[in-house]
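Q: can't give you the sequence, but here's the structure:
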């Protein structure tokens with residue numbers, strides 16, 4: 001007997017639960033507040049219909065807390081990608097509402113019960129969730145500092161000539177900004193120029209403080225990765241930030257059953273673009289424009305770094321070039337090769353981390 005399946009469409013203030021039977025027919029659909037009380041009411045509803053498996057769309061964002069509550073209550077909670085629920089909705093030409101999305105999530109899980117686990121990192125590992133919190137803090141500071149430096153470059157170009165003549169126009173914006181520190185604001189001939197110079201000089205201390213905080217967070221990430229025990233930093237081209245990005249974005253590496261599934265998830269797997277082969281292997285391929293772009297970027301940086309420093313990577317790229325591949329095709333092949341190495345390393349790390357727990361049990 002197949003139990004009914006639940007689906008959840010979460011939002012900031014509410015979330016909607018839809019339940020379908022084994023044929024995909026809607027049984028019930030209700031909306032609850034996105035609070036602790038709402039989680040209890042939803043769990044009671046799911047229990048009353050003997051639901052065992054629940055699909056949550058957006059379990060890493062607004063659905064994170066309900067996903068944690070479901071796992072704590074013993075449900076098999078799975079992440080339903082938005083594309084899967086949208087495909088269920090479009091196939092029936094249904095309108096887009098919370099109720100329709102919740103039922104569509106349930107139907108998507110019913111059609112593909114082996115979807116990956118929910119992406120709420122607190123469910124997987126509180127330490128990884130802490131790494132993600134620090135990483136997102138650093139990411140926000142870097143983005144804010146980058147934006148301000150772009151604005152600073154524009155303001156430097158508008159300084160009076162008597163001030164700009166004392167600056168070297170070459171080099172990075174940080175260097176030009178530091179040289180403003182030693183210029184007397186009184187030399188500016190216009191009130192607007194004096195004001196711009198004064199606030200740019202004040203911004204220098206703010207920028208120093210931001211850089212110091214970013215470096216502190218990077219050291220903290222390094223310490224947390226040491227506690228985690230990951231060996232990703234041993235892979236050439238993968239530093240602490242890249243390793244933390246991999247750990248947080250991937251979560252439980254065992255949710256990928258093979259290297260090819262991981263490669264497709266991160267957009268490094270080639271997509272067949274060919275016909276006429278029948279049951280044979282496709283001849284032509286194109287790159288995958290989807291996938292996790294952050295992980296794709298991490299692998300690209302690692303590939304570029306290894307191509308400069310690692311003899312194995314140089315030999316690999318040369319071999320692909322000798323096979324007739326273009327430079328871009330060879331780079332994509334190397335990224336696919338790195339994706340295999342990364343997920344295998346993460347599988348080994350996860351197994352090593354679980355061994356002490358198994359011995360303790």
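A: Everything's here; your move. These numbers come from a predicted model, not from an experiment. Residues are numbered from 1 along each chain as shown.
Q: What segments of the stretch 1-150 of the chain are helices?
A: For the stretch 1-150 of the chain, the helices defined by DSSP state H, counting those that start in this stretch cover 36-48, 64-72, 82-91, 98-111, 121-124, 126-157.
Q: Counting by contacts, list what the last one packs against.
A: When contacts are defined as 3 or more Cβ pairs under 8 Å, 6 or more residues apart in numbering; DSSP states H and E, helix 126-157 sits against helix 121-124, helix 173-179, helix 191-228, helix 240-250. Any C-beta I mention is one placed from the backbone N, CA and C, and that applies to glycine too.
Q: and it, how far out from the chain's middle?
A: Mean-position distance between helix 126-157 and its chain equals 16 Å (Cα atoms, centre = their mean, to the nearest Å).
Q: tilt between it and helix 240-250?
A: Counting by axes from the mean of the first three to the mean of the last three Cα atoms, to 10 degrees, helix 126-157 lies at 130 degrees to helix 240-250.
Q: next one: the first one
A: Between the axes of helix 36-48 and helix 240-250, defined by the same axes, to 10 degrees, the angle is 40 degrees.
Q: And helix 36-48, what's buried?
A: Neighbour counts over helix 36-48 (16 or more other Cβ atoms under 10 Å) mark 38, 39, 42, 43, 45, 46 as buried.
Q: Ok, the shortest one next?
A: Residues of helix 121-124 classed as buried: 121, 122, 123, 124 (neighbour count, 16+ other Cβ under 10 Å).
Q: Please tell me I have it right and the last one contacts residue 254.
A: It stands for residue 124. No: the criterion here is Cβ atoms under 8 Å, and residue 124 misses it with residue 254 at 10.3 Å.
Q: what residue ranges in this protein score low on pLDDT?
A: 1, 169, 270-280, 282-289, 356-361 (pLDDT under 70).
Q: Spatially central residue for it, please.
A: residue 249 (4.4 Å; Cα atoms, centre = their mean).
Q: Output the helices of the stretch 1-150 of the chain in CSV, with distance to residue 305 appended to each entry.
A: Putting the helices of the stretch 1-150 of the chain into CSV (distance: least, Cβ to Cβ, whole Å) gives the following:
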stretch, distance to residue 305
helix 36-48, 45
helix 64-72, 33
helix 82-91, 32
helix 98-111, 39
helix 121-124, 27
helix 126-157, 19
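Q: Need the winner for burial among those.
A: helix 98-111 (a mean of 25; mean count of other Cβ atoms under 10 Å).
Q: Can you tell me what sits against it?
A: Here helix 98-111 makes contact (Cβ atoms under 8 Å, 6 or more residues apart in numbering) with 5-9, 11, 14, 16-20, 22, 24, 26, 29, 31, 53-57, 78, 80, 84-89, 94, 115.
Q: And the buried ones among the residues you listed, selectable in ChimeraX?
A: Per 16+ other Cβ under 10 Å, the buried members of the contacts of helix 98-111 correspond to this ChimeraX selection:
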select :5,6,7,8,9,16,17,18,19,20,26,29,31,53,54,55,56,57,78,80,84,85,88,89,115
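Q: list the contacts for the nearest residue to residue 36 once chain neighbours are set aside?
A: Among residues not flanking residue 36 along the chain, residue 69 sits closest, at 7.8 Å (Cβ to Cβ, 6 or more residues apart in numbering). By Cβ under 8 Å, 6+ apart, the contact set of residue 69 is 36, 39, 40, 42, 43.
Q: Settle this for me: the second one is touching residue 63, isn't it.
A: No: Residue 39 sits out of contact with residue 63 when judged by Cβ under 8 Å, with a separation of 11.0 Å.
Q: got a list of what the nearest residue to residue 132 once chain neighbours are set aside touches?
A: Computed as Cβ to Cβ, 6+ apart, the closest residue to residue 132 that is not its neighbour in sequence is residue 248, at 4.1 Å. Contact partners of residue 248, counting by Cβ under 8 Å, 6+ apart, are 121, 128, 131, 132, 135.
Q: can you put these in a markdown table and add distance to residue 199?
A: Converted to a markdown table, these look like this (distance: Cβ to Cβ, whole Å):
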| residue | distance to residue 199 |
| --- | --- |
| 121 | 40 |
| 128 | 41 |
| 131 | 36 |
| 132 | 35 |
| 135 | 31 |
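Q: For residue 250, which non-adjacent residue is closest in space?
A: residue 346 (6.3 Å).
Q: Look up which helix or strand the one you found falls in, please.
A: With secondary structure defined by DSSP states H and E, residue 346 is part of helix 327-360.
Q: could you say what helices and strands that helix packs with?
A: Where contact means 3+ Cβ pairs under 8 Å, 6+ apart, helix 327-360 is packed against helix 240-250, helix 259-265, helix 293-309, helix 311-322.
Q: Between these, which one is closest to residue 331.
A: Residue 331 lies closest, by Cβ to Cβ, to one member of those: helix 293-309, at 6.0 Å.
Q: Report the angle between the closest one and helix 327-360.
A: Going by the same axes, to 10 degrees, helix 293-309 makes 110 degrees with helix 327-360.
Q: Report the angle between helix 293-309 and helix 311-322.
A: 100 degrees.
Q: And the chain, what are its domain boundaries?
A: For the chain, the domain assignment from automatic domain parsing gives the residue ranges 5-124, 126-228, 232-360.
Q: so how far is the second one off the chain centroid?
A: This means domain 126-228. In terms of Cα atoms, centre = their mean, the centre of domain 126-228 is set 26 Å apart from its chain centre.
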